[in-house]
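Student: Give me coordinates for this.
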Amino acid sequence: MAKIEVEVEINATVDKVWDIVSDIDNEPKFWKGTKEVKNLSKEGDTIKREITIAFRDQKCLQEVRLEPKKRIEAKFTKGIINGEKIVSIIPNEEKTVLRTVWDIKLTGMMGMFTGMIKNHIKSGTEQAMQNIKEEIER
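Tutor: Numbering: from 1, shown residues only. Prediction:
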């Protein structure tokens with residue numbers, strides 16, 4: 001499994017950060033590795049969806065659980081990626097820390113490339129977090 005952790009401090013309230021990151025339909029705007037999102041069902045704070053990732057336009061199924069103003073947990077349930085991505089919102093006085101933790105591996109024969117894509121995912125996550133920060137602090 002590849003574990004990737006990235007965090008950024010945002011000069012904004014938890015509410016303002018949550019408003020942007022909890023709009024998960026807008027994910028492709030910030031996360032360049034996600035090309036398209038299609039919601040399949042919603043029950044309470046849990047959304048089942050299909051995402052198309054930039055890696056060879058592969059489709060993955062996800063189950064996303066929103067924990068309002070605290071975290072977003074996206075479990076990959078089918079496709080080339082196995083594992084999860086957790087985005088946490090941590091109050092820090094007048095600011096907010098946004099932390100993303102990936103714990104994933106590629107499935108099947110692609111598993112041997114997990115280490116190689118780790119840096120790619122880390123770089124993409126750093127860029128996404130910076131994009132989110134800039135959008136919020138505008």
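Student: in terms of contact count, name the helices or strands touching the helix or strand where residue 86 lies.
Tutor: When secondary structure is defined by DSSP states H and E, residue 86 falls within strand 81-92. Using 3 or more Cβ pairs under 8 Å, 6 or more residues apart in numbering; DSSP states H and E as the contact criterion, the secondary-structure elements in contact with strand 81-92 are helix 14-21, strand 71-78, strand 95-106. Any C-beta I mention is one placed from the backbone N, CA and C, and that applies to glycine too.
Student: Nearest approach to residue 136 belongs to which of those?
Tutor: helix 14-21 (5.6 Å; Cβ to Cβ).
Student: Okay, residue 29 and residue 20: tell me how far apart.
Tutor: The gap separating residue 29 from residue 20 is 10 Å, by Cβ to Cβ, to the nearest Å.
Student: Identify the bridge partners of residue 51.
Tutor: Counting by DSSP bridges, residue 51 is bridged to residue 37, residue 60.
Student: who's in contact with it?
Tutor: Residue 51 makes contact with 27, 34, 35, 36, 37, 38, 59, 60, 62 under the criterion Cβ atoms under 8 Å, 6 or more residues apart in numbering.
Student: Could you turn the buried ones of those into a ChimeraX selection?
Tutor: ChimeraX command restricting these to the buried ones, with burial defined by 16 or more other Cβ atoms under 10 Å:
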select :27,34,35,37,60,62
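Student: Kindly reformat the contacts of residue 51 as TSV containing pLDDT and distance to residue 109.
Tutor: Shown next, in TSV, are the contacts of residue 51 (pLDDT from 0 to 100; distance: Cβ to Cβ, whole Å):
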residue	pLDDT	distance to residue 109
27	94	27
34	94	23
35	94	23
36	95	25
37	96	26
38	97	26
59	96	17
60	96	16
62	98	22
